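A.B. asks: Fold the stuff below for me.
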Amino acid sequence: MPGLTIKKQVYRIIYWQLILIMGLALLLFLLHGIQSGFSALLGGLAYWLPTFLFVCFIFAKTAAQSAKQFLLLFIAGEGLKLLLSALLFVLIIEYMPLKYMPANIFSILIGFVGAIISLWIASFVIFTKGERP
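C.D. replies: Predicted coordinates:
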C-alpha cells in the first residue's frame, strides 16, 4: 500500500475489524440462530466502538504534539477504551436479556474475543502488505 499514511492504515484496520466482527456474527447466526448471532455482534461491538473512539481521539489530539504528550494521550486513551469496553460488556450482559431478547453469554464472549483477535489479524495483514509510509 504505497502512499498510505499511518492514519489511513489505522482507519483501514478499524474498518476490517468491523467486517470480521460482522462475519463472525453472521457465522454464529447461520450455525446457531438469531439470538447467538445478535449476541456475538453486540459482544464484538462492545470492543469495536471504544476502539474506534480511541483511534478518533488519538488522531484528533496528536496532530502537533510532542512524543511525550502523545504517549500520555495514548495511555489515557487506552485506559478509557478498556473502561468503556468493560462497561459496555457488562451492560450488554446485564440489561439486554431483561429488555429485548435473551442473551447468549457464550456468544457475547465469542464476539468480544473475536473483536480483539480480529484487530490483531487486520493489523497484521494491513501492516505486512506493501511498504510502510
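A.B. asks: burial measure for Val113, as a count.
C.D. replies: Residues near Val113, counting by other Cβ atoms under 10 Å, number 15. For the C-beta atoms, the positions are set from N, CA and C on the backbone; glycine is no exception.
A.B. asks: same check, this time on Leu84
C.D. replies: For Leu84, the number of neighbouring residues by other Cβ under 10 Å comes to 17.
A.B. asks: ok, it - contacts?
C.D. replies: Contacts for Leu84 (Cβ atoms under 8 Å, 6 or more residues apart in numbering) come out as 49-50, 53.
A.B. asks: tell me how far the strand or helix carrying it is from the chain's mean position?
C.D. replies: When elements are defined using DSSP states H and E, Leu84 is found to belong to helix 67-99. Shown here is helix 67-99, whose average C-alpha point lies 11 Å from the average C-alpha point of the whole chain (Cα atoms, centre = their mean, to the nearest Å).
A.B. asks: Which element is encountered next along the chain beyond it?
C.D. replies: Moving toward the C-terminus from helix 67-99, the first helix or strand encountered (DSSP H and E) is helix 105-128.
A.B. asks: so which strand or helix has the residue nearest the centre of the chain?
C.D. replies: Note on the chain: the residue nearest the mean C-alpha position is Trp48, at 2.2 Å, using Cα atoms, centre = their mean. For Trp48, the host element (DSSP H and E) is helix 34-61.
A.B. asks: List the buried residues in that helix.
C.D. replies: Within helix 34-61, the residues scored as buried using 16 or more other Cβ atoms under 10 Å are 36-52, 54-55, 57-58.
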